[in-house]
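1. just coords:
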Ligand SMILES: [Zn+2]
(Lines give C-alpha, C1' and ligand atoms only; values in the text may rest on other atoms or scores of the structure.)
Protein backbone atom coordinates (compact mmCIF):
# COMPACT_ATOMS: atom_id res chain seq x y z
CA UNK A 1 0.00 0.00 0.00
CA UNK A 2 1.41 3.35 -0.98
CA UNK A 3 0.24 6.11 1.30
CA UNK A 4 2.53 8.76 -0.12
CA UNK A 5 3.10 8.40 -3.84
CA UNK A 6 4.05 11.32 -6.05
CA UNK A 7 3.67 10.98 -9.79
CA UNK A 8 6.74 10.34 -11.88
CA UNK A 9 5.72 13.24 -14.15
CA UNK A 10 5.53 15.53 -11.18
CA UNK A 11 8.98 14.51 -10.04
CA UNK A 12 10.38 15.06 -13.52
CA UNK A 13 8.75 18.45 -13.91
CA UNK A 14 10.04 19.38 -10.45
CA UNK A 15 13.54 18.40 -11.56
CA UNK A 16 13.26 20.56 -14.68
CA UNK A 17 11.78 23.42 -12.67
CA UNK A 18 14.70 23.19 -10.29
CA UNK A 19 17.17 23.05 -13.19
CA UNK A 20 15.53 26.10 -14.80
CA UNK A 21 15.58 27.98 -11.49
CA UNK A 22 19.30 27.18 -11.19
CA UNK A 23 19.84 28.32 -14.78
CA UNK A 24 18.11 31.62 -14.04
CA UNK A 25 20.37 32.12 -11.04
CA UNK A 26 23.43 31.42 -13.15
CA UNK A 27 22.33 34.07 -15.66
CA UNK A 28 21.79 36.54 -12.81
CA UNK A 29 25.22 35.73 -11.43
CA UNK A 30 26.82 36.20 -14.86
CA UNK A 31 25.09 39.59 -15.22
CA UNK A 32 26.10 40.61 -11.70
CA UNK A 33 29.70 39.60 -12.37
CA UNK A 34 29.69 41.57 -15.63
CA UNK A 35 28.47 44.64 -13.72
CA UNK A 36 31.45 44.68 -11.36
CA UNK A 37 33.49 47.92 -11.71
CA UNK A 38 36.86 47.51 -13.45
CA UNK A 39 38.66 49.23 -10.58
CA UNK A 40 40.09 48.35 -8.18
CA UNK A 41 41.81 45.21 -9.39
CA UNK A 42 39.33 42.33 -9.86
CA UNK A 43 39.20 39.72 -7.17
CA UNK A 44 41.36 36.77 -8.16
CA UNK A 45 38.60 34.30 -7.30
CA UNK A 46 36.18 36.04 -9.66
CA UNK A 47 38.82 36.19 -12.41
CA UNK A 48 39.11 32.43 -12.30
CA UNK A 49 35.39 31.90 -12.84
CA UNK A 50 34.63 30.88 -16.44
CA UNK A 51 31.47 33.00 -16.39
CA UNK A 52 33.52 36.26 -16.50
CA UNK A 53 35.80 35.33 -19.42
CA UNK A 54 35.56 37.73 -22.40
CA UNK A 55 33.74 35.25 -24.64
CA UNK A 56 31.28 33.61 -22.30
CA UNK A 57 29.27 30.73 -23.60
CA UNK A 58 26.36 30.93 -21.22
CA UNK A 59 24.32 28.35 -23.09
CA UNK A 60 26.88 25.76 -22.02
CA UNK A 61 27.00 26.81 -18.40
CA UNK A 62 23.22 26.96 -18.02
CA UNK A 63 22.28 23.76 -19.82
CA UNK A 64 19.99 21.95 -17.40
CA UNK A 65 21.38 18.65 -16.23
CA UNK A 66 18.44 16.29 -15.75
CA UNK A 67 20.25 14.14 -13.21
CA UNK A 68 18.06 11.63 -11.39
CA UNK A 69 16.73 13.24 -8.25
CA UNK A 70 15.34 11.57 -5.17
CA UNK A 71 11.61 11.70 -4.77
CA UNK A 72 10.92 14.19 -2.00
CA UNK A 73 9.03 12.33 0.70
CA UNK A 74 6.33 14.12 2.67
CA UNK A 75 7.60 15.93 5.77
CA UNK A 76 5.62 13.47 7.85
CA UNK A 77 3.81 10.30 6.83
CA UNK A 78 2.43 7.00 8.00
CA UNK A 79 4.04 3.90 6.48
CA UNK A 80 1.83 1.26 8.00
CA UNK A 81 0.14 0.02 11.14
CA UNK A 82 1.29 -2.02 14.09
CA UNK A 83 -0.14 -5.38 15.14
CA UNK A 84 -2.25 -3.41 17.61
CA UNK A 85 -3.55 -1.12 14.85
CA UNK A 86 -1.46 1.96 15.69
CA UNK A 87 0.09 4.17 13.01
CA UNK A 88 3.79 3.82 12.18
CA UNK A 89 5.15 7.27 11.48
CA UNK A 90 8.17 8.75 9.74
CA UNK A 91 9.47 12.32 9.76
CA UNK A 92 11.75 13.86 7.13
CA UNK A 93 14.25 16.70 7.33
CA UNK A 94 16.20 17.86 4.25
CA UNK A 95 15.81 17.00 0.59
CA UNK A 96 19.26 15.68 -0.34
CA UNK A 97 19.88 12.74 -2.64
CA UNK A 98 21.38 10.51 0.07
CA UNK A 99 19.13 9.38 2.87
CA UNK A 100 20.07 8.46 6.44
CA UNK A 101 17.38 6.61 8.37
CA UNK A 102 17.22 6.78 12.17
CA UNK A 103 14.95 4.31 13.99
CA UNK A 104 14.11 4.40 17.70
CA UNK A 105 11.92 2.22 19.90
CA UNK A 106 12.57 -1.06 18.11
CA UNK A 107 11.91 -2.30 21.61
CA UNK A 108 9.84 0.04 23.73
CA UNK A 109 9.46 -0.97 27.40
CA UNK A 110 12.76 -0.55 29.18
CA UNK A 111 14.29 0.95 26.02
CA UNK A 112 11.74 3.76 25.75
CA UNK A 113 14.50 6.34 26.24
CA UNK A 114 15.56 5.57 22.65
CA UNK A 115 12.19 6.96 21.52
CA UNK A 116 12.83 10.18 23.46
CA UNK A 117 16.33 10.41 22.00
CA UNK A 118 15.21 9.97 18.38
CA UNK A 119 12.39 12.51 18.87
CA UNK A 120 14.92 14.95 20.30
CA UNK A 121 17.33 14.36 17.39
CA UNK A 122 14.48 15.00 14.97
CA UNK A 123 13.40 18.21 16.76
CA UNK A 124 16.98 19.47 16.66
CA UNK A 125 17.49 18.61 12.98
CA UNK A 126 14.18 20.28 12.07
CA UNK A 127 15.14 23.47 13.94
CA UNK A 128 18.74 23.50 12.63
CA UNK A 129 18.66 22.35 9.00
CA UNK A 130 21.86 24.32 8.35
CA UNK A 131 23.69 21.59 10.29
CA UNK A 132 22.77 19.02 7.62
CA UNK A 133 24.85 18.66 4.44
CA UNK A 134 22.80 19.74 1.39
CA UNK A 135 23.20 16.30 -0.14
CA UNK A 136 21.51 14.58 2.83
CA UNK A 137 17.96 13.71 3.80
CA UNK A 138 17.27 12.51 7.33
CA UNK A 139 14.31 10.20 7.86
CA UNK A 140 13.33 9.57 11.49
CA UNK A 141 11.14 6.74 12.72
CA UNK A 142 10.99 7.58 16.44
CA UNK A 143 9.21 4.39 17.43
CA UNK A 144 8.84 1.09 15.62
CA UNK A 145 7.22 -0.85 18.47
CA UNK A 146 4.35 1.57 19.06
CA UNK A 147 2.32 -1.21 20.70
CA UNK A 148 4.96 -1.58 23.40
CA UNK A 149 4.55 1.96 24.67
CA UNK A 150 1.21 1.15 26.26
CA UNK A 151 2.86 -1.50 28.46
CA UNK A 152 5.10 1.18 29.96
CA UNK A 153 8.59 0.53 31.24
CA UNK A 154 7.99 -3.15 31.55
CA UNK A 155 9.36 -6.33 29.95
CA UNK A 156 6.08 -6.73 28.02
CA UNK A 157 6.82 -3.36 26.42
CA UNK A 158 9.64 -5.01 24.47
CA UNK A 159 7.10 -6.93 22.37
CA UNK A 160 4.36 -5.89 19.95
CA UNK A 161 0.67 -6.66 20.42
CA UNK A 162 1.27 -10.19 19.04
CA UNK A 163 3.92 -10.75 21.70
CA UNK A 164 6.71 -10.79 19.09
CA UNK A 165 10.21 -9.34 19.52
CA UNK A 166 10.61 -7.02 16.52
CA UNK A 167 14.39 -7.42 16.46
CA UNK A 168 14.14 -11.19 15.87
CA UNK A 169 11.65 -11.10 13.01
CA UNK A 170 13.79 -9.96 10.04
CA UNK A 171 14.84 -11.91 6.99
CA UNK A 172 18.51 -12.65 7.63
CA UNK A 173 19.33 -15.56 9.93
CA UNK A 174 15.77 -15.77 11.21
CA UNK A 175 15.14 -18.62 13.63
CA UNK A 176 11.97 -19.92 15.26
CA UNK A 177 14.10 -20.38 18.37
CA UNK A 178 15.14 -16.92 19.49
CA UNK A 179 16.51 -15.40 22.66
CA UNK A 180 16.72 -12.23 24.69
CA UNK A 181 19.59 -13.03 26.99
CA UNK A 182 18.82 -16.50 28.30
CA UNK A 183 15.11 -16.04 27.90
CA UNK A 184 13.22 -17.43 24.91
CA UNK A 185 11.35 -14.80 22.92
CA UNK A 186 8.76 -15.11 20.18
CA UNK A 187 10.40 -14.34 16.82
CA UNK A 188 7.10 -14.57 14.91
CA UNK A 189 5.75 -17.37 12.72
CA UNK A 190 8.16 -16.50 9.87
CA UNK A 191 10.49 -13.68 8.80
CA UNK A 192 8.45 -10.48 8.39
CA UNK A 193 5.36 -12.08 9.90
CA UNK A 194 4.80 -8.86 11.86
CA UNK A 195 3.25 -5.74 10.30
CA UNK A 196 5.93 -3.48 11.81
CA UNK A 197 8.92 -5.30 10.30
CA UNK A 198 7.11 -5.80 7.00
CA UNK A 199 6.24 -2.08 6.81
CA UNK A 200 9.69 -0.81 7.77
CA UNK A 201 11.40 -3.36 5.50
CA UNK A 202 9.17 -2.21 2.65
CA UNK A 203 9.96 1.44 3.36
CA UNK A 204 13.70 0.67 3.39
CA UNK A 205 13.46 -1.16 0.07
CA UNK A 206 11.48 1.72 -1.41
CA UNK A 207 13.58 4.70 -0.28
CA UNK A 208 16.94 2.88 -0.46
CA UNK A 209 18.70 4.73 2.36
CA UNK A 210 22.48 5.14 2.30
CA UNK A 211 22.62 3.98 5.92
CA UNK A 212 20.26 2.96 8.76
CA UNK A 213 20.78 3.35 12.51
CA UNK A 214 18.60 1.43 15.00
CA UNK A 215 18.61 2.58 18.63
CA UNK A 216 18.51 0.29 21.66
CA UNK A 217 19.45 0.37 25.35
CA UNK A 218 21.58 -0.23 27.20
CA UNK A 219 24.68 -2.23 26.17
CA UNK A 220 26.79 0.89 25.42
CA UNK A 221 28.21 0.05 22.04
CA UNK A 222 27.68 0.26 18.31
CA UNK A 223 27.13 -3.09 16.61
CA UNK A 224 27.41 -3.39 12.85
CA UNK A 225 24.80 -5.41 11.00
CA UNK A 226 26.34 -8.48 9.45
CA UNK A 227 24.65 -10.69 6.92
CA UNK A 228 27.41 -11.17 4.44
CA UNK A 229 26.94 -7.68 3.04
CA UNK A 230 30.15 -6.65 4.81
CA UNK A 231 29.22 -3.00 4.36
CA UNK A 232 28.26 -1.98 7.87
CA UNK A 233 31.47 -1.94 9.92
CA UNK A 234 32.63 1.51 8.71
CA UNK A 235 29.29 3.00 9.79
CA UNK A 236 29.65 1.50 13.28
CA UNK A 237 33.19 2.84 13.47
CA UNK A 238 32.23 6.40 12.47
CA UNK A 239 29.40 6.52 15.03
CA UNK A 240 31.37 4.75 17.76
CA UNK A 241 34.43 6.97 17.42
CA UNK A 242 32.31 10.14 17.52
CA UNK A 243 30.50 9.18 20.71
CA UNK A 244 33.27 7.17 22.36
CA UNK A 245 31.48 3.80 22.43
CA UNK A 246 33.06 0.45 21.53
CA UNK A 247 32.32 -0.36 17.88
CA UNK A 248 34.67 -3.04 16.68
CA UNK A 249 33.00 -6.23 17.78
CA UNK A 250 29.84 -8.10 16.99
CA UNK A 251 27.17 -8.33 19.69
CA UNK A 252 28.43 -11.38 21.56
CA UNK A 253 26.57 -11.45 24.87
CA UNK A 254 24.32 -14.11 23.39
CA UNK A 255 23.31 -15.36 19.95
CA UNK A 256 20.81 -13.11 18.21
CA UNK A 257 18.85 -14.07 15.12
CA UNK A 258 16.78 -12.25 12.53
CA UNK A 259 17.87 -8.74 13.51
CA UNK A 260 17.07 -5.57 11.59
CA UNK A 261 20.65 -4.38 10.91
CA UNK A 262 21.64 -7.82 9.60
CA UNK A 263 18.84 -7.79 7.04
CA UNK A 264 19.65 -4.22 5.96
CA UNK A 265 23.32 -5.22 5.60
CA UNK A 266 22.19 -8.07 3.32
CA UNK A 267 20.80 -5.40 0.96
CA UNK A 268 24.26 -3.86 0.71
CA UNK A 269 23.17 -0.92 2.88
CA UNK A 270 25.28 -0.10 5.97
CA UNK A 271 23.31 -0.56 9.19
CA UNK A 272 24.08 -0.69 12.90
CA UNK A 273 22.48 -1.02 16.30
CA UNK A 274 23.39 1.87 18.59
CA UNK A 275 23.06 0.68 22.20
CA UNK A 276 22.75 3.63 24.59
CA UNK A 277 24.90 3.64 27.71
CA UNK A 278 21.89 3.62 30.02
CA UNK A 279 18.19 2.81 29.97
CA UNK A 280 17.57 6.13 31.71
CA UNK A 281 17.88 9.42 29.85
CA UNK A 282 20.31 9.97 26.98
CA UNK A 283 23.36 11.94 25.92
CA UNK A 284 21.79 14.19 23.29
CA UNK A 285 24.98 16.16 22.60
CA UNK A 286 27.02 13.00 22.04
CA UNK A 287 24.42 11.36 19.79
CA UNK A 288 23.88 14.48 17.71
CA UNK A 289 27.65 14.78 17.29
CA UNK A 290 27.79 11.11 16.20
CA UNK A 291 24.89 11.60 13.79
CA UNK A 292 26.67 14.59 12.26
CA UNK A 293 29.83 12.49 11.90
CA UNK A 294 27.80 9.87 10.00
CA UNK A 295 26.25 12.59 7.81
CA UNK A 296 29.71 13.97 7.00
CA UNK A 297 30.92 10.45 6.23
CA UNK A 298 28.00 9.83 3.86
CA UNK A 299 28.56 13.21 2.28
CA UNK A 300 32.19 12.32 1.52
CA UNK A 301 31.58 8.76 0.32
ZN1 LIG B 1 16.62 -3.42 22.08
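-> It's in. All values derive from a computational prediction rather than experimental measurement. Numbers count the residues shown, from 1 in each chain.

2. can we go C-alpha only for contacts and neighbour counts from here?
-> Noted.

3. so what secondary structure elements neighbour the host helix or strand of residue 285?
-> Assigned by DSSP states H and E, residue 285 belongs to helix 284-300. The helices and strands touching helix 284-300, judged by 3 or more Cα pairs under 8 Å, 6 or more residues apart in numbering; DSSP states H and E, are strand 98-103, helix 113-127, helix 233-243.

4. Skip the chain neighbours and tell me the closest residue to residue 268.
-> residue 229 (5.2 Å; Cα to Cα, 6 or more residues apart in numbering).

5. Reduced to three states, what does that neighbour come out as?
-> Following DSSP: H, G, I helix; E, B strand; the rest coil, residue 229 is assigned to coil.

6. could you list every residue that touches it?
-> The contact partners of residue 229, by Cα atoms under 8 Å, 6 or more residues apart in numbering, come to 265, 266, 267, 268, 269.

7. Output these in a markdown table; the columns should cover distance to residue 202, secondary structure and pLDDT.
-> A markdown table is the format used below for the contacts of residue 229 (distance: Cα to Cα, whole Å; DSSP: H, G, I helix; E, B strand; the rest coil; pLDDT from 0 to 100):
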| residue | distance to residue 202 | secondary structure | pLDDT |
| --- | --- | --- | --- |
| 265 | 15 | helix | 96 |
| 266 | 14 | helix | 95 |
| 267 | 12 | coil | 96 |
| 268 | 15 | coil | 96 |
| 269 | 14 | coil | 97 |
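
8. Can you pick out the most distant pair from those?
-> Maximum pairwise distance in these, criterion Cα to Cα, is 7.2 Å, between 266 and 269.

9. in stretch 199-219, what's buried?
-> Of the residues in stretch 199-219, 199-201, 203-204, 208-219 count as buried by neighbour count, 16 or more other Cα atoms under 10 Å.

10. what about the residue in the stretch 101-250 of the chain that the ion sits nearest to, distance to residue 144?
-> Evaluated by Cα to the ion, the stretch 101-250 of the chain has residue 216 as its residue closest to the ion, separated by 4.2 Å. Applying Cα to Cα, to the nearest Å, the value for residue 216 to residue 144 is 11 Å.

11. Tell me the residues of the stretch 1-150 of the chain that contact the ion?
-> Taking Cα under 5 Å from the ion as the measure of proximity, the stretch 1-150 of the chain contacts the ion at residue 107.

12. For the stretch 1-150 of the chain, which segments count as helices?
-> 8-34, 44-47, 58-61, 113-127, 146-149 (DSSP state H, counting those that start in this stretch).

13. quick one: which of those helices has the weakest pLDDT on average?
-> Out of the helices of the stretch 1-150 of the chain, helix 44-47 stands lowest, with a mean of 34 (criterion: mean pLDDT).

14. May I have the beta-bridge partners of the residue nearest to residue 75 when sequence neighbours are not counted?
-> Spatial nearest neighbour of residue 75, excluding adjacent residues (Cα to Cα, 6+ apart): residue 92 at 4.8 Å. Residue 92 has the following beta-bridge partners by DSSP bridges: residue 139.

15. Does residue 92 touch residue 99 like I think?
-> No - using Cα atoms under 8 Å, residue 92 makes no contact with residue 99, being 9.6 Å away.

16. Pull up the overlap in contacts between those two.
-> Residues touching both residue 92 and residue 99 (Cα under 8 Å, 6+ apart) are 137, 138, 139.

17. Quick one: residues contacting the first one.
-> Spelled out, that is residue 137. Residue 137 neighbours (Cα under 8 Å, 6+ apart): 92, 93, 94, 95, 96, 97, 98, 99, 100.

18. Return the member of those nearest to residue 300.
-> residue 98 (11.1 Å).

19. So what pairs up with that closest one in the strands?
-> For residue 98, the beta-bridge partners under DSSP bridges are residue 136.

20. Please report the distance of it from residue 78.
-> As judged by Cα to Cα, residue 98 and residue 78 stand 21 Å apart.
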